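# Can you look at this prediction? I've put the sequence above it.
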Amino acid sequence: MLLIFSCGSSDKQHQHSEAVNSASSKIKVLNVGTFHFGYSSDAHTTEFDEKSESAQKEVRQIAEMMARFKPTIVCVESVPEKHVALNTLYREFLKNPATLITELGETSMLAFEVARLNGIDSIYGIDNHMGYNYSVGDFIENSPDLENSIDPETYLELTNHPFKDYPELAEKEKHFDDLPLPEKFRLMNDPRYLDNSIISNADKLLYVGIGDEFQGAENAAIFYNRNMRIFSNLNRIKMSKEDRVFILMGSAHTAFLREFIERSPKFEMVNTLEYLRD
């Protein structure tokens, strides 16, 4: 006997309505990746004169784009323990917003301005610091008395040709310092670029080790742990369904947060690139 079950159009509409309502009930998040303005201890740095008139103008342009999201909560790459100092500096900026503060790089220049444009009183730091060796793989490769016993070919391929399958991204990355700031942000928030941020900061270390040990995996685990702690710090903030969260962090943290937020029953990410259009 053949049994045929069909779903009527009303049932389909009901299911679609439930899906839409479920999605709309989540807290909206604009999750933005950046390079670090000014000094950075990161393995990769970018030439950027944050005090120049042209740079300040471009930063305000980006801030206006981000401000269209209308956030009610702003989160940055600062540890929660520095909440008072962070917001003391923010209040100083509010007294004289005609001049961007460069002291905290992208945090005090870009995030402060986005918060000001939306009338936000307080900014949250959600970072967590952990010791992590970005360069353990390079150290092994450059040490004549050491040998990568896991997979040096793949490690070197990921190191030397990170955008091999995306030549247009490779070309932009090659000339990154020469790109206008909005174009830099569009590149760094491209999903393929964010994928590579996880690979280059953590996953490529899974191909690195000495003998039967796991030096690469152990350091990658620390970086994974740090980003899980960052997401936990985000969840410490009391918020309601009506809140809208703007997060500004280094692109590797943005990439990890994207992974956690995409699977979260609590949050819904908006498309960052939609807010980076002129």
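That came through, no problem.

# which sections of the stretch 51-200 of the chain are below the confidence cut-off?
Along the stretch 51-200 of the chain, no part satisfies pLDDT under 70.

# for it, what spans make up the helices?
For the stretch 51-200 of the chain, the helices defined by DSSP state H, counting those that start in this stretch cover 53-67, 83-95, 106, 112-117, 136-141, 152-160, 167-174, 181-188, 191-201.

# remind me, longest helix of the protein?
In the chain, assigned by DSSP state H, the helix with the most residues is helix 215-236.

# re earlier: would you format the helices of the stretch 51-200 of the chain as TSV with mean neighbour count and distance to Gly125 included?
Just so you know, the C-beta spots here come from the backbone N, C-alpha and C atoms, and that holds for glycine as well. Formatted as TSV, these follow (neighbours: other Cβ atoms under 10 Å; distance: least, Cβ to Cβ, whole Å):
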stretch	mean neighbour count	distance to Gly125
helix 53-67	17	18
helix 83-95	14	6
helix 106	25	13
helix 112-117	22	13
helix 136-141	18	28
helix 152-160	15	31
helix 167-174	13	29
helix 181-188	19	21
helix 191-201	19	20
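
# Dump these to TSV, plus distance to Phe246.
Converted to TSV, the helices of the stretch 51-200 of the chain look like this (distance: least, Cβ to Cβ, whole Å):
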stretch	distance to Phe246
helix 53-67	6
helix 83-95	14
helix 106	13
helix 112-117	6
helix 136-141	34
helix 152-160	31
helix 167-174	25
helix 181-188	14
helix 191-201	17
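
# Tell me which of the ones you listed lies nearest to Glu274.
Glu274 lies closest, by Cβ to Cβ, to one member of those: helix 53-67, at 9.7 Å.

# That closest one versus helix 181-188: what angle between them?
Interaxial angle, helix 53-67 versus helix 181-188 (axes from the mean of the first three to the mean of the last three Cα atoms, to 10 degrees): 50 degrees.

# Just give me the neighbour total for the closest residue to His36 other than its chain neighbours.
Closest residue in space to His36, ignoring its immediate chain neighbours: Gly105 at 5.5 Å, by Cβ to Cβ, 6 or more residues apart in numbering. The number of residues packed near Gly105 is 21, by other Cβ atoms under 10 Å.

# before we move on, the earlier item: quick one, which of the helices of the stretch 51-200 of the chain gets closest to Glu262.
Of all the helices of the stretch 51-200 of the chain, it is helix 191-201 that lies closest to Glu262, at 10.8 Å by Cβ to Cβ.

# and the angle for that closest one with helix 152-160?
130 degrees.

# May I have helix 191-201 as PDB, with CA atoms only?
What follows is helix 191-201, C-alpha atoms only, in PDB (Å, rounded to 0.1, in the frame of the first residue of the first chain):
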ATOM      1  CA  PRO A 191      33.500  35.500   4.700                       C
ATOM      2  CA  ARG A 192      36.400  33.900   2.800                       C
ATOM      3  CA  TYR A 193      38.800  36.300   4.400                       C
ATOM      4  CA  LEU A 194      37.300  35.500   7.900                       C
ATOM      5  CA  ASP A 195      37.700  31.800   7.200                       C
ATOM      6  CA  ASN A 196      41.400  32.400   6.400                       C
ATOM      7  CA  SER A 197      41.700  34.300   9.700                       C
ATOM      8  CA  ILE A 198      40.900  31.200  11.600                       C
ATOM      9  CA  ILE A 199      43.200  29.100   9.400                       C
ATOM     10  CA  SER A 200      46.200  31.500   9.600                       C
ATOM     11  CA  ASN A 201      45.800  32.200  13.400                       C
END
